[in-house]
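> quick one, what's the 3D model for this:
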Amino acid sequence: MRRALAEADLAAAAGDVPVGAVVLGPDGALLATGHNEREATGDPTAHAEILAVRRAAAALGRWRLTGCTLVVTLEPCTMCAGALVQSRVDRVVYGARDEKAGAAGSLWDVVRDRRLNHRPEVIQGVLEQECASLLTAFFRIR
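From the prediction side, this is the model:
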């Protein structure tokens, strides 16, 4: 999570919402990183999770991220939760809950929806205060 927080700092420095993500391989090694780049790229899909998953798939040379773990500072939204299900990650670890748009247990629970063909394990609240404080400080300035 500390590496994901460092990624979130990069997003904030670029004027984007400070969300950072990392993908760890089955052996726990870092495969890919990402942070929000919507402002920098003008791409509404440039969320930290999406970018990290794309980079991890490229690093592995396949779209199935079986055995991998995504670690992200903020609970994934519906778009990102859908991408995580589609990519077949085994585990999603997040810091701060997102009561307004969270799709991994807060507002929705897309990643664990029994109607879908894949349901990753979800671990929430890792360094929650630190992750939430980064977001609060960012929006307080705005």
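> tell me the buried residues in the helix or strand Thr33 falls within?
Element membership of Thr33 [criterion: DSSP states H and E] is strand 30-35. Buried residues in strand 30-35, counted by 16 or more other Cβ atoms under 10 Å: Leu31, Ala32, Thr33, Gly34, His35. To be clear about C-beta, it is placed using only N, CA and C from the backbone, and glycine gets the same treatment.
> now do the contacts for the closest residue in space to Lys100 that isn't next to it in sequence.
Nearest residue to Lys100, sequence neighbours excluded (Cβ to Cβ, 6 or more residues apart in numbering): Leu107, at 6.9 Å. Going by Cβ atoms under 8 Å, 6 or more residues apart in numbering, Leu107 touches Asp98, Glu99, Lys100, Ala101.
> save those residues as TSV, and put in neighbour count, pLDDT and secondary structure too.
What follows is the contacts of Leu107, written out as TSV (neighbours: other Cβ atoms under 10 Å; pLDDT from 0 to 100; DSSP: H, G, I helix; E, B strand; the rest coil):
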residue	neighbour count	pLDDT	secondary structure
Asp98	19	97	coil
Glu99	9	95	coil
Lys100	8	96	coil
Ala101	15	96	coil
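> which two among those residues are spaced furthest apart?
Glu99 and Ala101 (8.2 Å; Cβ to Cβ).
> pLDDT weak spots in the chain?
Applying pLDDT under 70 to the chain flags no residue at all.
> list the contacts of the closest residue in space to Glu99 that isn't next to it in sequence.
Using Cβ to Cβ, 6+ apart and skipping the chain neighbours, the partner closest in space to Glu99 is Ser106 (5.3 Å). The contact partners of Ser106, by Cβ under 8 Å, 6+ apart, come to Glu75, Arg97, Asp98, Glu99.
> nearest to Arg112, of the residues you listed?
For those, the nearest to Arg112 is Glu75 (12.5 Å; Cβ to Cβ).
> what's the neighbour count on the closest one?
28 (other Cβ atoms under 10 Å).
> isn't it up against Gly125?
No: using Cβ atoms under 8 Å, Glu75 is not in contact with Gly125, being 9.8 Å away.
> and for those two, which residues touch both?
Tyr94, Arg97.
> and Val23, helix, strand or coil?
Put simply, Val23 is strand when judged by DSSP: H, G, I helix; E, B strand; the rest coil.
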